[in-house]
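[1] Test case, fold it:
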Amino acid sequence: MVKKIYSVLLILIFLQLAVYAQTSGIEGHLCADIQIYGGDTIPPVILDSERGWVTVGAVDWEKTHIQQPMENENRKWRLKTTYFLEENRGPATIQIRLRGPSGSPVFTLPWSDGGNYNYNKAYSNWYIDKDLSLGNSGRGYIEARLIAPPHTPLKGKIYSISLEGWDENISGGKAVKTIEEQNNVQLAYTRPLPFSKTAEPSDKENKIEDALEFSLEFIDACINGDLPAYYRLQADPVRSLDTGKALPKYKLTPPNGIPGIKTINDYKRRFEYKIYSADKFRELFPEWFDTSREWVPSENSYLFMGHKDRLSQPVPANADYLVFLVEQDENGDWKVKARPF
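    Residues are numbered from 1 along each chain as shown. Below you'll find the predicted structure:
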């Protein structure tokens with residue numbers, strides 16, 4: 001009997017140490033632990049690094065019954081995710097965003113260095129919710145994407161996602177402990193959103209960043225002559241920016257290279273490139289919005305202009321892929337919607 005009691009005490013001590021190991025270094029107390037995706041009967045979400053953001057599901061925040069913090073407390077959030085990555089040959093990570101009426105905070109899991117990681121459990125970076133907007137009300141949508149090195153397709157699965165909320169005490173108007181910043185790893189054209197102690201970017205800012213990333217991905221495919229990606233990244237049909245008329249994407253001329261430009265980094269160093277939202281490029285090209293045209297750009301489209309050579313050299317006429325308009329299709333995938341032809 002004594003041995004059994006002793007064994008039970010050892011188990012309890014071990015469990016307490018395990019919990020402490022998971023939460024050590026965190027000031028404050030756990031105020032919420034919400035399972036927002038996953039379960040024994042829920043199939044995993046399939047991720048593909050070539051697809052972009054994938055809708056995971058939805059959550060009704062009213063049903064989570066999240067309590068408001070005390071006046072002397074700050075609230076911060078992180079995600080705990082169970083996932084699988086196939087064997088990869090370079091740095092990779094998963095990003096998850098909780099899109100809702102008050103914003104879209106983005107959480108990034110730790111970057112892996114390559115290799116076979118199999119089944120993983122990991123915490124994301126911290127998100128400081130100064131405005132107490134996360135989970136406050138309404139319906140939220142969960143989206144995820146897998147980021148991998150260029151030309152290195154990678155697949156993965158997400159089994160579960162849970163959201164932890166922590167309230168930390170404030171002493172003299174300052175947090176007791178400063179949250180460590182996430183390592184900001186940069187890839188060629190896929191950028192994790194940097195951790196910030198200020199509020200998260202708005203959904204509109206996230207959209208324009210995503211549009212720019214996709215546009216550079218399309219430029220990269222053109223420079224390298226990657227024809228499968230070149231055609232896959234374009235809508236069907238593609239519209240003419242000049243007339244609005246449609247053309248099947250496979251009738252477009254394959255891309256030609258630019259002398260002296262062999263990589264996307266070569267392009268970035270030599271060319272100036274910008275992206276404009278619809279309300280901006282409407283001022284530049286009002287004729288595109290003429291209602292007599294067969295097609296006009298949508299309000300959710302973005303114009304990429306990357307044809308200005310810093311060396312003032314003429315761009316070859318057959319490199320006609322440096323100006324185009326992008327928007328998301330009905331599946332949420334970015335596509336090149338229109339080009340000047």
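[2] Endpoint to endpoint, stretch 147-160 covers what distance?
    18 Å (Cα to Cα, to the nearest Å).
[3] Could you do stretch 328-338 as well?
    Start and end residues of stretch 328-338 are separated by 12 Å (Cα to Cα).
[4] Check the offset of stretch 62-71 from the chain's centre.
    For stretch 62-71, the separation from the chain centroid amounts to 27 Å (computed by Cα atoms, centre = their mean, to the nearest Å).
[5] The host helix or strand of residue 279 packs against which elements?
    Using DSSP states H and E, residue 279 falls within helix 278-284. Judged by 3 or more Cβ pairs under 8 Å, 6 or more residues apart in numbering; DSSP states H and E, the packing partners of helix 278-284 are strand 302-309. For every residue, glycine as well, the C-beta is placed using N, CA and C.
[6] What strands flank the strand it packs on, and is each parallel or antiparallel?
    strand 271-277 (antiparallel), strand 323-328 (antiparallel) (DSSP bridges).
[7] ok so, going back, give me the buried positions along the helix holding residue 279.
    278, 281-282 (16 or more other Cβ atoms under 10 Å).
[8] do stretch 219-226 as well
    219-224, 226.
[9] could you pull out the strands for the stretch 201-341 of the chain?
    Residue ranges of the strands in the stretch 201-341 of the chain, as given by DSSP state E, counting those that start in this stretch, are 234-240, 246-247, 271-277, 302-309, 323-328, 334-339.
[10] which other residues reach the first one?
    Contacts of strand 234-240 from elsewhere in the structure, counted by Cβ atoms under 8 Å, 6 or more residues apart in numbering, are 218, 245-250, 252, 295, 325, 329, 335-341.
[11] now the fourth one
    Contacting residues not belonging to strand 302-309 are listed as 207-208, 211-212, 215, 219, 267, 270-278, 280-281, 284-285, 297, 315, 322-327 [Cβ under 8 Å, 6+ apart].
[12] which neighbours does the one helix or strand residue 168 maps to have in its sheet, and in what orientation?
    Per DSSP H and E: residue 168 is located in strand 155-171. Pairing partners of strand 155-171, with direction, according to DSSP bridges: strand 29-37 (antiparallel), strand 45-48 (antiparallel), strand 73-85 (antiparallel), strand 174-175 (antiparallel).
[13] Buried residues of that strand, list them for me.
    155-168, 170.
[14] ditto for stretch 243-251
    For stretch 243-251, using 16+ other Cβ under 10 Å, the buried residues are 244, 249.
[15] quick revisit: could you dump the helix holding residue 279 to PDB, C-alpha only?
    C-alpha atoms of helix 278-284 as PDB (Å, rounded to 0.1, in the frame of the first residue of the first chain):
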ATOM      1  CA  ALA A 278      -7.400  48.900 -56.900                       C
ATOM      2  CA  ASP A 279      -8.200  52.300 -55.300                       C
ATOM      3  CA  LYS A 280      -4.600  53.400 -56.200                       C
ATOM      4  CA  PHE A 281      -4.200  52.100 -59.700                       C
ATOM      5  CA  ARG A 282      -7.700  53.400 -60.600                       C
ATOM      6  CA  GLU A 283      -6.100  56.800 -60.400                       C
ATOM      7  CA  LEU A 284      -3.300  55.800 -62.700                       C
END
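[16] Low-confidence regions, the stretch 101-250 of the chain specifically.
    Applying pLDDT under 70 to the stretch 101-250 of the chain flags residues 101-102, 113-118, 130-133, 135-138, 150, 170-205.
[17] Any chance of JSON lines for the strands of the stretch 201-341 of the chain, columns distance to residue 94?
    Listed next are these as JSON lines, based on distance: least, Cβ to Cβ, whole Å:
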{"stretch": "strand 234-240", "distance to residue 94": "27"}
{"stretch": "strand 246-247", "distance to residue 94": "37"}
{"stretch": "strand 271-277", "distance to residue 94": "25"}
{"stretch": "strand 302-309", "distance to residue 94": "25"}
{"stretch": "strand 323-328", "distance to residue 94": "20"}
{"stretch": "strand 334-339", "distance to residue 94": "19"}
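[18] Could you work out the end-to-end span of stretch 104-112 for me?
    Terminal-residue distance, stretch 104-112 (Cα to Cα): 24 Å.
[19] Repeat that for stretch 294-306.
    Span of stretch 294-306 from end to end, Cα to Cα: 26 Å.
[20] buried stuff in it?
    295-297, 301-306.
[21] mean confidence for that stretch?
    The predicted model assigns stretch 294-306 a mean pLDDT of 93.
[22] Please look at residue 112 and residue 84 and confirm they touch.
    No: using Cβ atoms under 8 Å, residue 112 is not in contact with residue 84; the gap is 11.7 Å.
[23] Just give the nearest non-adjacent residue to residue 60, would you?
    Of all residues not flanking residue 60 in the chain, residue 139 sits nearest, at 5.7 Å (Cβ to Cβ, 6 or more residues apart in numbering).
[24] tally of neighbours for that neighbour?
    12 (other Cβ atoms under 10 Å).
[25] Looking at the record's assignment, how would you partition this structure?
    Following the assignment in automatic domain parsing, the chain carries domains at 29-184, 209-339.
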